[in-house]
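In: Okay, here's the prediction I keep looking at, along with the sequence it came from:
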Amino acid sequence: MKIAPAAILGLALLAAACSDSAEDAAATGNAAANAAGLSGSALSGGAGRGGSARPGSQEDLAQTAGDRVYFGTDSATVGADQRPTLQKQAQWLQQYRQVQVAVEGHADERGTREYNLALGQRRANAARDLLVGNGVAGQRIQTLSYGKDRPEALGSDEQAWAQNRRAVTAVR
């Protein structure tokens with residue numbers, strides 16, 4: 001039967017998605033994202049997960065420290081629950097002093113393109129400021145905004161919007 005492999009894969013993915021979402025969500029403490037039903041693994045960019053990523057790579061950053069932080073609606077303030085991710089990123093960047101990064105600011109689909117570009121820039125700057133405040137040299141960090149142009153999640157509901165209100169640290 002051709003349907004059996006697809007059904008098995010679907011059940012495996014469903015089981016994997018459900019297996020740690022409650023534990024991860026409790027660990028992150030992001031109330032807005034939790035209300036939207038996001039799991040902690042989505043919020044932390046995979047932080048704490050083991051892997052065999054090349055040291056100093058984007059994958060290593062994502063696995064070791066998490067590569068993204070999330071924001072509330074119309075906010076560029078890094079919440080207390082998101083600061084540990086940026087502190088871990090700063091520690092990671094201090095370990096890999098040759099690495100330069102871009103902090104990309106993003107917004108959800110609501111609002112004008114201009115408003116969301118400005119909001120994304122404020123979010124990128126807020127994340128950058130915390131990295132610098134934790135000892136990372138500012139000249140190693142570029143900031144840019146994609147506004148609502150590069151959504152992480154498609155959809156017009158709180159869950160999608162919560163995933164799209166973010167700043168992502170990307171190894172250059």
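Out: Okay, I see it.
In: Only C-alpha atoms from now on, for both contacts and neighbour counts.
Out: OK.
In: what bridges to V168?
Out: Beta-bridge partners recorded for V168 (DSSP bridges): R68, E104.
In: hang on, it packs against V101?
Out: No - here V168 lies out of contact with V101, judged by CA atoms under 8 Å, at a distance of 9.8 Å.
In: ok, the two, which is more surrounded?
Out: Using other CA atoms under 10 Å as the criterion, V168 and V101 rank with V168 on top: 22 against 18.
In: which residues does the more buried one contact?
Out: 67-69, 103-105, 124 (CA atoms under 8 Å, 6 or more residues apart in numbering).
In: let's go with 6 Å and repeat that
Out: 67-68, 103-104 (CA atoms under 6 Å, 6 or more residues apart in numbering).
In: Name the nearest of the residues you listed relative to D129.
Out: Nearest to D129 among the contacts of V168: V103, at 10.5 Å, using CA to CA.
In: and the closest one, how far is that from Q142?
Out: 6 Å (CA to CA, to the nearest Å).
In: between the two, which one's more packed in?
Out: It is V103, of V103 and Q142, that has more neighbours when counted by other CA under 10 Å, with 25 against 17.
In: my read: that one touches Y146, true?
Out: No - taking CA atoms under 6 Å as the definition, V103 is not a contact partner of Y146, at 10.5 Å.
In: which residues are common contacts for V103 and Q142?
Out: With CA under 6 Å, 6+ apart, V103 and Q142 have no common neighbours.
In: before we move on, the earlier item: make CSV out of the contacts of V168 and add distance to G133 and pLDDT.
Out: Shown next, in CSV, are these (distance: CA to CA, whole Å; pLDDT from 0 to 100):
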residue, distance to G133, pLDDT
D67, 17, 98
R68, 17, 98
V103, 15, 98
E104, 18, 98
